[in-house]
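1. fold the following, please.
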Amino acid sequence: QVQLVESGGGLVQPGGSLRLSCAASGSIISINAMGWYRRPPGKQRELVAAITSGGSTNYADSVKGRFTISRDNAKNTVSLQMNSLKPEDTAIYYCNADITGWTTKFSYWGQGTQVTVSS
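-> Now for the predicted structure:
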């Protein structure tokens, strides 16, 4: 059984910062790509940022220069530092990880954490 648990969402004013964290636990052999997705109100889920086990990163154009993704392979965690937040960043943010376990290889999702950017 593998679980992804997110933390760090909340309400922030435009221009502010938040840091999201996600921890993977359970029967894990290895974790390949990890990432953050978001679902803005009334819209489909979209990729925000992703990072490989080797540290290569990929960002959505809308967050480049403002968001930074990082991971700690020893702790099976991934974080998203969000700076200069805008109202359009308001969304439910989901952690995702491609995990190889003892008997499975699967893409897991966290439960989601709400980020609201508003004055």
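2. in the sheet, who's paired with the most centrally placed residue in the chain?
-> The centroid of the chain falls nearest to residue 36 when counting by CA atoms, centre = their mean (2.7 Å). Taking DSSP bridges as the rule, residue 36 bridges to residue 49, residue 95.
3. now it: how far from residue 103?
-> According to CB to CB, to the nearest Å, residue 36 and residue 103 sit 27 Å apart. C-betas here are computed from N, CA, C, even on glycine.
4. how about the strands in this protein?
-> Using DSSP state E, the strands of the chain run over residues 2-7, 10-12, 18-26, 30-39, 46-51, 57-59, 67-72, 77-82, 91-100, 105-109, 113-117.
5. need those in CSV (columns: mean pLDDT).
-> What follows is the strands of the chain, written out as CSV (pLDDT from 0 to 100):
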stretch, mean pLDDT
strand 2-7, 94
strand 10-12, 98
strand 18-26, 97
strand 30-39, 97
strand 46-51, 98
strand 57-59, 98
strand 67-72, 98
strand 77-82, 98
strand 91-100, 96
strand 105-109, 93
strand 113-117, 98
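6. out of these, which is the most enclosed?
-> strand 77-82 (a mean of 22; mean count of other CB atoms under 10 Å).
7. neighbouring strands - and their directions - for that one?
-> strand 18-26 (antiparallel), strand 67-72 (antiparallel).
8. between those, which one is nearest to residue 116?
-> strand 18-26 (9.8 Å; CB to CB).
9. name the residues that touch the closest one?
-> The contact list for strand 18-26, computed with CB atoms under 8 Å, 6 or more residues apart in numbering, reads 1-10, 12, 31, 34, 36, 75-82, 85, 93, 95, 97, 99, 101, 108, 110, 113, 115.
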